Structure formats: C-alpha cells, structure tokens
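J.: Any chance you could fold what I've pasted below:
(one chain, ligands or ions: 1)
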Amino acid sequence: MDGGRIPPAARLPLSTCPRFSRRSSPGSARTSPTGRQAATSLAELQRRAARAAPAIDAEELFRREDLSLIAEVKRRSPSKGDLAGIPDPAALAGAYAAGGATAISVLTERRRFGGSLDDLDTVRAAVDIPVLRKDFMVTDYQLWEARAHGADIVLLIVAALSDVDLGHLLRLAGELGMTALVEVHDEVETQRAVDAGALVVGVNARNLKTLEVFPDTFSRLAPLIPPGCVKVAESGITGPSDAAWYAGQGADAILVGEALVTGADPVLAVEELLRQQVAS
Ligand SMILES: O=P(O)(O)OC[C@@H](O)[C@@H](O)c1c[nH]c2ccccc12
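T.: As a prediction, the model looks like this:
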C-alpha cells in the first residue's frame with residue numbers, strides 16, 4: 001500500500017473520522033497526516049524507528065493477567081465534548097501505571113479528541129508499560145510514525161479499512177514488533193478481523209453512527225472471536241461493576257477513558273476497576 005493513499009472513506013461516518021472530513025481546520029497543516037508527511041519523510045521516520053527501544057509485547061501481557069486494563073489519556077470526544085484539560089499527561093499516565101494499568105492509550109488525533117504526538121512522546125517517556133497510539137490509522141506512514149514515537153500498540157479500525165489494507169497494516173504492525181488492537185462494532189467486522197488474522201480484537205460498544213453505547217455488543221460478538229484471541233471490551237465502562245460484568249462475559253481486557261479522566265483520583269480508580277469481582 002502506498003503510504004499516502006487515502007482508503008475508501010465510505011464505511012466510516014465523516015463526523016467520526018477527522019481524516020475524511022471535508023472541513024479544513026485552519027493552521028492544521030503540521031498536525032494533519034499529510035502536513036506531517038511533508039515535514040518528516042518516511043525514510044526519516046524509519047531511521048527514528050530503528051533507533052527507538054523495541055516495542056513491548058503487549059499481547060503477551062494481556063494474556064498473562066486475569067483482566068487487563070488499558071487506561072486512556074483523552075481530553076475530548078465527539079460524543080461528550082470536553083472531558084478534561086489534562087495539563088500533565090505524564091502525571092496522569094504515571095498515576096494509571098501506579099494503579100496497576102497494563103497499558104496506556106493515548107489519543108493522538110487533534111481536532112476531535114484534543115490529542116497529539118507530543119502527548120504520545122510525553123507519556124512514552126513517563127511510563128515503562130506498553131503505550132497504545134490511538135488514532136485513525138490508515139497508512140503505512142502512520143504506523144512507522146507510531147513506532148518512531150515509541151508506541152507498542154496501534155489501533156486498526158476495521159470499519160475504516162478495506163480487507164487488503166487491514167491485512168497489510170496488520171502485517172506491518174507485526175513486522176514493527178507492535179501489537180495491533182483491531183476494533184470491531186458488529187458481526188461482519190468481527191469476521192473480517194478474524195479472517196485478517198487479528199490476535200487482539202477490541203469490541204467497541206459505541207455505535208459509530210449514533211455514538212450511543214450498547215453494552216451488549218461485547219456479549220453478542222465475543223462468541224465469534226476465536227478462543228486464542230485476546231478480547232478487549234471498549235467504551236462506556238463507568239466503574240468496577242461494569243468491569244466485573246465484562247470480565248464475566250469473557251473480556252481479557254477493558255479499555256477505559258472517560259471514567260478515568262473525569263474522576264478525582266486516577267490511581268484509586270484504576271485500582272478499583274482491577275479489584276472487581278467477577279459477577280456470577
Ligand atoms: O471514554 P470511554 O467511553 O471509556 O471509551 C474509551 C475508548 O473505548 C474510546 O475512546 C474509543 C474506542 N475506539 C476509539 C476509536 C477512536 C477514538 C476513540 C475510541
């Protein structure tokens with residue numbers, strides 16, 4: 001796949017995916033993928049990736065724990081607007097790690113989520129657990145960029161990718177030593193993820209079109225995911241009882257953003273999520 005090629009946009013609503021938005025945002029040339037690509041060549045990123053510390057094997061860590069927690073650094077979301085200022089992403093990530101999080105997810109998309117690659121750098125420098133670059137990853141360039149900035153995990157959203165591109169990016173992530181969290185929303189996407197060879201499948205309970213959360217999505221799709229895969233429940237997890245419920249439904253990991261960035265004490269919140277009792 002050509003690093004600069006724009007994939008079919010039709011499957012993801014424009015409101016959710018900034019890359020496909022028709023509105024141009026002033027002053028974004030440096031922060032948009034094409035702007036960054038003009039400033040830093042792929043060859044330069046590849047040199048930086050070669051110098052970066054090797055990626056941590058997050059997939060293996062997810063398999064080791066009863067329930068792993070991926071704790072998210074997220075300032076804003078399209079569904080909720082402003083969530084938290086997060087003036088010190090390093091401190092927040094450090095708190096998550098101190099509470100026992102298995103990995104940290106960092107939103108790097110700017111316009112809708114208020115994130116940046118600077119946030120990724122800051123968090124990477126602050127913690128020694130795996131870091132997920134959370135963005136709409138559709139090109140080789142973005143994967144190399146993630147690795148050059150020290151990411152261990154990348155998000156691949158099935159709804160945003162053709163089968164060919166999904167398979168290609170999954171392979172490239174593996175070649176770069178990174179774990180791919182392959183995100184699905186329905187039965188068809190789950191089958192596509194499995195067919196592509198995904199080993200870590202994230203079930204996002206948030207409907208991409210309406211942005212509503214449907215917690216039953218995980219229990220509906222989990223049986224379609226082969227037992228050898230790591231199953232991650234994503235979105236709308238508000239506290240320990242939700243964590244317990246997902247653990248009881250067979251989730252190996254949960255991904256939590258809003259509840260952690262809006263809470264008072266992130267160390268305690270992470271500890272409580274992980275102390276959950278599996279609901280019988
Ligand atoms: O803040 P929540 O409801 O706990 O959700 C976290 C995470 O699942 C959500 O941020 C997310 C899941 N998939 C995404 C894709 C892009 C941006 C964000 C996301």
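J.: where are the low-confidence patches of the protein?
T.: 1-31, 277-280 (pLDDT under 70).
J.: which residue sits closest to the residue in the chain that the ligand sits nearest to, ignoring its sequence neighbours?
T.: With CB to the nearest ligand atom, the shortest gap between the chain and the ligand falls at Gly257, namely 2.8 Å. (Glycine included, C-beta is placed from N, CA and C.) Spatial nearest neighbour of Gly257, excluding adjacent residues (CB to CB, 6 or more residues apart in numbering): Glu72 at 3.5 Å.
J.: what does Ala173 give?
T.: Excluding its sequence neighbours, the residue lying closest to Ala173 (CB to CB, 6+ apart) is Ala180, at 4.2 Å.
J.: swap in Gly228?
T.: In space, and not counting its chain neighbours, Gly228 is closest to Leu199: 7.6 Å by CB to CB, 6+ apart.
J.: Do I have it right that that neighbour meets Val232?
T.: No: using CB atoms under 8 Å, Leu199 is not in contact with Val232, being 11.2 Å away.
J.: between the two, which one's more packed in?
T.: A direct count of neighbours by other CB atoms under 10 Å for Leu199 and Val232 places Val232 higher, at 24 against 19.
J.: SS state for the more buried one?
T.: When classified by DSSP: H, G, I helix; E, B strand; the rest coil, Val232 comes out as strand.
J.: now it, which residues is it bridged with?
T.: Gly202, Ala253 (DSSP bridges).
J.: What parts of the stretch 101-250 of the chain come near the ligand?
T.: Counting by CB under 6 Å from any ligand atom, the stretch 101-250 of the chain comes close to the ligand at Lys134, Glu183, Asn204, Glu234, Ser235, Gly236, Ile237.
J.: Adding neighbour count, write those out as JSON lines.
T.: Conversion of those to JSON lines gives the following (neighbours: other CB atoms under 10 Å):
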{"residue": "Lys134", "neighbour count": "28"}
{"residue": "Glu183", "neighbour count": "25"}
{"residue": "Asn204", "neighbour count": "26"}
{"residue": "Glu234", "neighbour count": "28"}
{"residue": "Ser235", "neighbour count": "26"}
{"residue": "Gly236", "neighbour count": "19"}
{"residue": "Ile237", "neighbour count": "25"}
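J.: In strands, which of these appear?
T.: Of those, the ones assigned to strands by DSSP state E are Lys134, Glu183, Asn204, Glu234.
J.: Now do the strands for this protein: every range, in order, please.
T.: Along the chain, the segments classed as strands by DSSP E run 68-73, 76-77, 81-82, 103-107, 131-134, 153-157, 179-184, 200-204, 230-234, 253-256.
J.: List the buried residues in the first one.
T.: I take that to be strand 68-73. Ser68, Leu69, Ile70, Ala71, Glu72, Val73 (16 or more other CB atoms under 10 Å).
J.: quick one: is it near the ligand?
T.: Yes: with CB under 6 Å from any ligand atom as the criterion, the ligand is reached by strand 68-73 at Glu72.
J.: Check which helices and strands that strand sits against.
T.: Helices and strands touching strand 68-73, by 3 or more CB pairs under 8 Å, 6 or more residues apart in numbering; DSSP states H and E, are helix 89-99, strand 103-107, strand 253-256, helix 258-261, helix 266-274.
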